[in-house]
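Student: The following comprises the amino acid sequence and a computationally predicted model.
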Amino acid sequence: MPKRNLLYLHSYTSDKHIVCHGVDFKGFLSCLENPPKNILLIKGGHAGQSLHSQSGFKYVGSSEINKLKAENINRYGDFCWVDFEDEFALDQLTRLDIAELLFFGHKRRPFSAPAFTRLQNRFAYWSHNDGWLTKVYFTDGGELRSFISSAVSVFTSSKLTAGGKLPPDTAKEIVGFSENGLLIDGGELFDAGEMLMLPFYITGKITNMDDLLGNTTLYKMNAIKRGTLRFKKKDSENPLGFWRRRFPKK
């Protein structure tokens, strides 16, 4: 799929989930310190999948995940999955578990909780057009916060010749900003002498990504806050930190 120039992250720490634009399946996996071991497909058409006859779900084992990453996920339309520990876990699924998994694929939210005890999953993942709109529920809040920091790092690194992890203080602030809707436009990277600067905006909740793409300038103008990530120009090393300020009062 084509690379997208906008990154939007809106996190909900109370129930540990995030809504994104600009994070595709391959990008999501690259943001994780520990990738999922196996993937249970609720929606998706990977050719290398196996069928678990008892539950009726198809799944991708650890040896096939790299092949799945290489697929054109965009052609699936909706792509929905949860991870699981091992095939034995699939044998333990109850009819209620199966019903709740199908509910998640249909409604894009958990029926009760995103954690399925028998699967020992870490994620419940739903995406439309591979990163156009992505919603991920995490079972661990720390992993959600780590993902947010990594997503910004990966995105900014893709706009530079090199990159790295955000400094801890910057990462903590970025996670906080994402709770109110964080928007970064890679096309706004500019040269400021000894540094490269990349603005970001706190826009609030956005659910219509077509509207975001069609009215990006308006969302920026109406942003609650804005700031700038600063990078060393010499070799685009790790960000030095960031500078932020509120919009002046009208």
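Tutor: Structure received.

Student: distance of F190 from K205?
Tutor: Separation of F190 from K205 (CB to CB, to the nearest Å): 28 Å. Quick note: C-beta positions are derived from backbone N, CA and C, even for glycine.

Student: Show me the shaky parts of this protein.
Tutor: The chain contains residues with pLDDT under 70 at 1-3, 46-48, 160-164, 233-250.

Student: try it again with 50
Tutor: The chain contains residues with pLDDT under 50 at 1-2, 236-237, 240, 243-250.

Student: wait, what's in contact with D185?
Tutor: N5, L6, P199, Y201, T216, K220 (CB atoms under 8 Å, 6 or more residues apart in numbering).

Student: Ok, F190 next?
Tutor: Contacts of F190 (CB under 8 Å, 6+ apart): L196, M197, L198.

Student: Show me what it bridges to in the sheet.
Tutor: Counting by DSSP bridges, F190 is bridged to M197.

Student: any idea how far it lies from L196?
Tutor: Taking CB to CB, one finds F190 at 7 Å from L196.

Student: so what's S127 up against?
Tutor: Here S127 is in contact with D24, F25, I73, D78, F79, C80, L133, T134, K135 (criterion: CB under 8 Å, 6+ apart).

Student: again with W81
Tutor: Contact partners of W81, counting by CB under 8 Å, 6+ apart, are I39, L40, L41, I42, K43, G44, Y125.

Student: how about the nearest residue to the fourth one, chain neighbours excluded?
Tutor: It refers to I42. G105 (3.7 Å; CB to CB, 6 or more residues apart in numbering).

Student: Check which helix or strand that neighbour maps to.
Tutor: Using DSSP states H and E, G105 sits within helix 95-107.

Student: Output the helix or strand following that helix as CSV - backbone C-alpha positions only.
Tutor: Following helix 95-107 in sequence order, the next helix or strand is strand 123-128 (DSSP H and E). Written as CSV, here are the backbone C-alpha positions of strand 123-128 (Å, rounded to 0.1, in the frame of the first residue of the first chain):
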residue,chain,number,x,y,z
PHE,A,123,-4.2,-7.4,21.2
ALA,A,124,-7.6,-7.2,19.6
TYR,A,125,-7.0,-5.6,16.2
TRP,A,126,-9.3,-4.2,13.6
SER,A,127,-8.4,-2.1,10.5
HIS,A,128,-10.0,-0.9,7.4
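
Student: Provide the strand pairings for the next helix or strand after strand 123-128, with the direction of each partner.
Tutor: Using DSSP H and E, the helix or strand that follows strand 123-128 in sequence is strand 133-138. Strand 133-138 pairs in its sheet with strand 17-21 (antiparallel), strand 123-128 (antiparallel), by DSSP bridges.
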